[in-house]
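Asker: structure for the following, please:
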Amino acid sequence: MAPPPAPPDRLAASTVGEEGPRVVFVHGLFGQGRNWVTVARSLAGGPRRVTVLDLPDHGRSPRSERVDYLAMAERVAVELEELGEPVVLVGHSMGGKVAMQLALRRPELVRALVVVDIAPVEYPLAGGRTDDPDEEASPFADYIDAMRAVDLDRLGSREEAHDALRDVVPSDAVRGFLLQSLLRERGDGGGGPSWRWALNLPVLREGLEVLRGFPEPPEGAVFDGPVLWVAGATSHYVLDQDRSRMQQLFPSTRLVRVKGAGHWVHSEQPEVFTATLERFLASVEADGAPS
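Answerer: Predicted structure coming up:
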């Protein structure tokens, strides 16, 4: 049986580990907290308490009427306040932008920051960021349109969903990632099973213009804590030209590029990503109690 949805005023959350420093993961677009479970379990042996969150309009968290980075950051801040101590906050892609906004606006809640394959800049809605002819244009609108086009009432199996998305999402890994949010539930009253997306696809589709941006931080806002910036070596999400803005807002940043990884670094090179994160956490924890 699937876990119940979160209350309307809270995000869905799950924690691994019963003692130690706090680490919190925030997923990217189309993701869920459970995308981080394998990494979380590995880190929890530190020992640490590792929490994974579902952002609004994803997974078991409440639905909203529109996408808003500041609103998402406020919702995550509520969860961090409940933990009672500053955390190491890890965010990928969209979640990385949420994490950066939170660190700049509520630095007392964040002990250290890990930003995965995203920069505090505006991204093109269509087309690429470089002159590289092999750079893939943003596929997210096409992904959402393809997911919405799947006839859930007539869907017989997950394999049929794979086939329905194949032309638009040729990568087996990315298609499998998207289909983690396709849920099959047993109907009430003896009815047959039904399918649904654990994503608010209409709102996310309308919000792509917002998601490509990065709200201007408060004047003079800087996060002085340690920051690990992880980029995929084959990804175009983090370019050399992004370093000055990152350094301006997060002066204690260290950039690591992971070979053999694109945008989904933690899925494409999980062992390298986990080892890199483990070393960063160990260095943060060695500095003593959170300030």
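Asker: quickly note the distance from residue 149 to residue 84.
Answerer: According to C-beta to C-beta, to the nearest Å, residue 149 and residue 84 sit 45 Å apart. Yep, even glycine has a C-beta here, placed from its N, CA and C like the rest.
Asker: center of the chain, which residue is that?
Answerer: In the chain, the centroid-proximal residue (C-alpha atoms, centre = their mean) is residue 27; its distance is 1.9 Å.
Asker: do you know the pLDDT at it?
Answerer: Residue 27 carries a pLDDT score of 97 in this model.
Asker: for the lengthiest helix in the chain, which positions count as buried?
Answerer: For the chain, the helix with the greatest residue count under DSSP state H is helix 270-286. Buried residues in helix 270-286, counting neighbours by 16 or more other C-beta atoms under 10 Å, are found at 272, 273, 274, 276, 277, 278, 280, 281, 284, 285.
Asker: just put those residues in JSON lines and tack on distance to residue 217.
Answerer: Shown next, in JSON lines, are the buried residues of helix 270-286 (distance: C-beta to C-beta, whole Å):
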{"residue": "272", "distance to residue 217": "31"}
{"residue": "273", "distance to residue 217": "27"}
{"residue": "274", "distance to residue 217": "30"}
{"residue": "276", "distance to residue 217": "26"}
{"residue": "277", "distance to residue 217": "25"}
{"residue": "278", "distance to residue 217": "29"}
{"residue": "280", "distance to residue 217": "23"}
{"residue": "281", "distance to residue 217": "25"}
{"residue": "284", "distance to residue 217": "23"}
{"residue": "285", "distance to residue 217": "27"}
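Asker: of the residues you listed, closest to residue 17?
Answerer: Each of the buried residues of helix 270-286 was checked against residue 17 using C-beta to C-beta; the closest is residue 281, at 12.4 Å.
Asker: didn't the residue nearest to the centre of the chain look like it was pressed against residue 96?
Answerer: No: with contacts counted by C-beta atoms under 8 Å, residue 27 stays clear of residue 96, the gap being 9.8 Å.
Asker: residue boundaries of the helices in this protein?
Answerer: Using DSSP H, helices in the chain cover 37-44, 69-83, 94-105, 140-149, 158-165, 172-179, 201-206, 208-211, 243-249, 265-268, 270-286.
Asker: quick check: phi and psi at residue 234.
Answerer: phi -100, psi 10 (degrees, to the nearest 10).
Asker: and residue 227, what is it in contact with?
Answerer: Contact analysis of residue 227 by C-beta atoms under 8 Å, 6 or more residues apart in numbering lists 112, 113, 114, 115, 250, 252, 253, 254.
Asker: and with 6 Å instead?
Answerer: Taking C-beta atoms under 6 Å, 6 or more residues apart in numbering as the criterion, residue 227 is in contact with 113, 250, 252, 253.
Asker: check residue 257 too.
Answerer: Counted by C-beta under 6 Å, 6+ apart, residue 257 has contacts 231, 233.
Asker: same deal with residue 284?
Answerer: Residue 284 touches 112, 226, counting by C-beta under 6 Å, 6+ apart.
Asker: need the pLDDT of it.
Answerer: For residue 284, the predicted pLDDT is 97.
Asker: same question, residue 193
Answerer: Predicted confidence (pLDDT) at residue 193: the value is 71.
Asker: so it makes contact with residue 157?
Answerer: No: using C-beta atoms under 6 Å, residue 193 is not in contact with residue 157, being 10.5 Å away.
Asker: okay, now the unreliable bits of the stretch 51-200 of the chain?
Answerer: The stretch 51-200 of the chain contains residues with pLDDT under 70 at 125-127, 131-137, 187-192.
Asker: if we use 90, what do you get?
Answerer: 124-140, 171-174, 176-177, 185-193 (pLDDT under 90).
Asker: what's the neighbour count on residue 203?
Answerer: 15 (other C-beta atoms under 10 Å).
Asker: cool, and residue 25?
Answerer: For residue 25, using other C-beta under 10 Å, the count is 27.
Asker: spatially nearest residue to it (excluding sequence neighbours)?
Answerer: Excluding the flanking residues, the one nearest residue 25 by C-beta to C-beta, 6 or more residues apart in numbering is residue 36, at 4.1 Å.
Asker: let me know whether that neighbour touches residue 54 as I believe.
Answerer: No: Residue 36 is beyond contact range of residue 54, at 10.7 Å (criterion: C-beta under 6 Å).
Asker: what about the closest residue to residue 98 other than its chain neighbours, how many neighbours?
Answerer: Once flanking residues are discounted, residue 98 sits nearest to residue 72: 4.8 Å by C-beta to C-beta, 6+ apart. Applying other C-beta under 10 Å, we find 24 residues neighbouring residue 72.
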